[in-house]
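J.: have a look at this prediction, sequence included:
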Amino acid sequence: MQKIIAYSMNYKTSAGIALCLMLIELIVELVQPLIMAKIIDGGILVEDYSTVALWGSVLIGLSLLAFTAGITNSFFAAHFSQGVGYDLRRDLFAKVQKFTHENFQQFSTPGLITKITNDVTQIQSLLFMFVRIALRAPLFIIFGLMMAFTINVQLTFILVIAVPAFLGFLFWVLKIGVRLFKRVQLKIDRLNTVIRENLTGIRLIKGFNREEYESDRFLHVNKQLMGVNKRALWLMEVAMPVVMLGMNASILLILWLGADKLSLGNIQAGELVALINYATRIMFTFGLFTFLIMIFSRGNASAERISEVLDVEAPSYLEDSEKIQQELKGEVRFERVSFFHSDHPVLHNVSFHAQPGQTIGLLGETGAGKTSLLHLIPRLYEKHSGEIYLDDNPIEVFDTKSLRKQISLVPQDVHLFSGSVRSNIAWGKENAKMSEVVEAAKQAQIHSFIKTLPDGYDTVLGQKGVTFSGGQKQRLSIARALVRKPKILILDDSTSALDAYTEMKLLNSLKTQQCTVFIVAQKISSLKEANQILLLHQGKLIAQGSHEELLNESPYYREVFQSQREDVM
Ligand code: M5T
Ligand code: MG
């Protein structure tokens, strides 16, 4: 909650105005019973109609004032709550963008989505209600009691005992509520996970006839969500009638004792009416309290979840602006580099040297560590020991942003964005010109295909039935990587879906680029032309050299080569 208070301080004027307006509404509500008492005792009962008219008009005037204050309050309350929500979403998003690989492992993706959307909405409702009505509840109870005291001390004692007892009860409910609503948010995370998996894997699900199984999985989570939600709501709903019952009993007691006093002439009828009026209003304020407690429980659970994300410390190496921003030539040198995923060793003492403009092939069985090795170059992972040099400088001295600007990574899992073909390619470089987009598409061997699309480069992905095949997607993401004219290009198994002819044309066009190319491939034919091939086996570099050198020196390489030739024959 502290975080939310800090964010709220940016809107203290709006929040302050809203609170003042709420106070006006409250004061009007508090004096209303007193004026009514005056109308009854000083007007109606003594048949003095000018007093009735006078206090009657004061009552109308005050009601209008409260009405205007209420409307204006909503306006400021909306500005305040929406503003804080906007800031929270902005900062959550910015924080998530700075997350490292390790940070992402800490949070689930659907969980992060729930936090940025639903949890922030809960906070917004909480803040809105807070400046709209929250203070009314406690203040009305306190002032209501004080006013009641001015009317009759003895009778008010009944309320003085009843009210704190019920308040204690409601705080107990609040404690359980926070726990339950935290579970509700966790179930929403789970629901989002299942929906996401179903939507992204829909073809797989249909292909395996697993619709029913998936529906059951979804219904199960949905049911769990309904279960905790119902329990939370039930708790709130039971709390309310319990309090109402108790308060009604207190009012009855006041009436009973009040009637005695009235017959003895110790209290006036109007005063008793005012007293009952305060007691009834306090009772309804308790109703409001229960509602607020529900919103507060939810908001508090959400605030904790949001803070978990905002409290993540961004690694300092990503933010150091004093580091060098020089242009790279493209030389990459690994010296005894080792790397772990958590405690799991992935790379052991890997050393190699790539000259600018060279093509380096990476070969190795699945899980050998190829992707991990390549991700160390743009510092998507941090190495654990050894040194990585770029143009003779240790990688740590470079400003990460400028470093990444000169390295293009085509990840193993192709990712396209919503939008047009053109925007997907131009995404690779800020303000890329159309000519640059076309040039990159030509180099990636995708230009002629784009030309056949209904709207060419302006074709929107996913519309008019335009979807891309695996190989087309790969080439599109290669074009995106080429448009920024990188000094280091990393193709992580990015040509696996291409036919041999297209792949050869692509590799030939890459040779004309002034950049160092790292290329992972399963087929030796894709790597034959590379200046060096790194052969990885269980995280160790077991052989390195050109195709011919490896054929002579490495039995393992020869074996792989033989098996692939047999495949062809
Ligand atoms: C190398 C493990 C993985 C494998 C080894 C990304 C990732 C990997 N690993 C983790 O424990 N946690 C992680 O987050 O690291 O993985 P790789 O570098 O992805 O292997 P590869 O690229 O050679 O394999 P492939 O299948 O892409 O050819 O043991 O479990
Ligand atoms: Mg890989």
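T.: Here it is on my side, so go on. This structure is a prediction, so every number in the text was calculated from the model and none was measured. Ligands and ions are numbered 1, 2, ... in the order given.

J.: so where do the strands sit in the protein?
T.: Secondary structure of the chain (DSSP state E): strands at 332-341, 344-354, 359-364, 385-390, 393-394, 407-410, 488-492, 516-520, 532-537, 540-545.

J.: buried sites along the first one?
T.: Going back to what we said before, that points to strand 332-341. Buried residues in strand 332-341, counted by 16 or more other C-beta atoms under 10 Å: 332-334, 337, 339-340. In this view, the C-beta of every residue, glycine as well, is placed from N, C-alpha and C.

J.: give me the residues contacting that strand.
T.: Here strand 332-341 makes contact (C-beta atoms under 8 Å, 6 or more residues apart in numbering) with 345-354, 360, 369, 372-373, 376-377, 381, 383-390, 392, 488, 516.

J.: restricted to buried residues, select these in PyMOL.
T.: The buried subset of these, as determined by 16+ other C-beta under 10 Å, is captured in PyMOL by this line:
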select buried, resi 346+347+348+350+352+354+360+369+372+373+376+377+381+383+386+388+390+488+516
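
J.: any weak-confidence spans in the stretch 251-400 of the chain?
T.: Confidence mapping of the stretch 251-400 of the chain against pLDDT under 70 gives the ranges 314-322.

J.: give me the residue from it nearest ligand 2.
T.: Closest approach between the stretch 251-400 of the chain and ligand 2, counting by C-beta to the ion: Thr371, at 3.1 Å.

J.: what sits closest to Asp458 if chain neighbours are left out?
T.: Distances taken as C-beta to C-beta, 6 or more residues apart in numbering place Ser420 nearest to Asp458, at 5.2 Å, with adjacent residues excluded.

J.: where along the stretch 451-569 of the chain do the helices fall?
T.: 470-482, 500-511, 547-553, 555-568 (DSSP state H, counting those that start in this stretch).

J.: worst mean pLDDT among the ones you listed?
T.: Between the helices of the stretch 451-569 of the chain, the one with the least mean pLDDT is helix 555-568; it has a mean of 82.

J.: helices or strands up against that one?
T.: If contacts are counted by 3 or more C-beta pairs under 8 Å, 6 or more residues apart in numbering; DSSP states H and E, helix 555-568 sits against strand 532-537, strand 540-545, helix 547-553.

J.: contact residues of the stretch 301-450 of the chain facing ligand 2?
T.: Taking C-beta under 5 Å from the ion as the contact definition, the stretch 301-450 of the chain meets ligand 2 at 371, 412.

J.: how about a cut-off of 6 Å?
T.: By C-beta under 6 Å from the ion, the residues of the stretch 301-450 of the chain that approach ligand 2 are 370-371, 412.

J.: before we move on, back to that, of all the helices of the stretch 451-569 of the chain, which lies closest to ligand 1?
T.: Judged by C-beta to the nearest ligand atom, the one of these that comes nearest to ligand 1 is helix 555-568, at 13.4 Å.

J.: got the contact list for the closest one?
T.: Here helix 555-568 makes contact (C-beta under 8 Å, 6+ apart) with 363, 523-525, 533, 535, 537, 542-543, 550-551.

J.: check stretch 491-508 too.
T.: 370-371, 374, 409-412, 414, 443-445, 469-471, 473-475, 477-478, 481, 517-522, 525-526, 529.

J.: hmm, back to that, with distance to Phe143 and mean neighbour count added, can I get the helices and strands packed on helix 555-568 in CSV?
T.: Shown next, in CSV, are the helices and strands packed on helix 555-568 (distance: least, C-beta to C-beta, whole Å; neighbours: other C-beta atoms under 10 Å):
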stretch, distance to Phe143, mean neighbour count
strand 532-537, 75, 21
strand 540-545, 77, 17
helix 547-553, 87, 15
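
J.: would TSV of the ones you listed with distance to Gly111 be doable?
T.: Listed next are the helices and strands packed on helix 555-568 as TSV, based on distance: least, C-beta to C-beta, whole Å:
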stretch	distance to Gly111
strand 532-537	34
strand 540-545	36
helix 547-553	45
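
J.: what's near enough to touch the closest residue to Leu139 other than its chain neighbours?
T.: Take Leu139 and drop its neighbours on the chain: the residue closest to it by C-beta to C-beta, 6+ apart is Leu26, 5.7 Å away. Contacts for Leu26 (C-beta under 8 Å, 6+ apart) come out as 135-136, 139-140, 143.

J.: quick check, nearest of these to ligand 2?
T.: Leu135 (57.2 Å).

J.: returning to that earlier point: which among the contacts of stretch 491-508 count as buried?
T.: Neighbour counting with 16+ other C-beta under 10 Å marks 370-371, 374, 409-411, 414, 443-445, 471, 473-475, 477-478, 481, 517-521, 526, 529 as buried within the contacts of stretch 491-508.

J.: can you tell me how far the residue nearest the centre of the chain is from ligand 2?
T.: Centroid-nearest residue in the chain: Ile116, 2.8 Å away (criterion: C-alpha atoms, centre = their mean). From Ile116 across to ligand 2, the span is 29 Å (C-beta to the ion, to the nearest Å).
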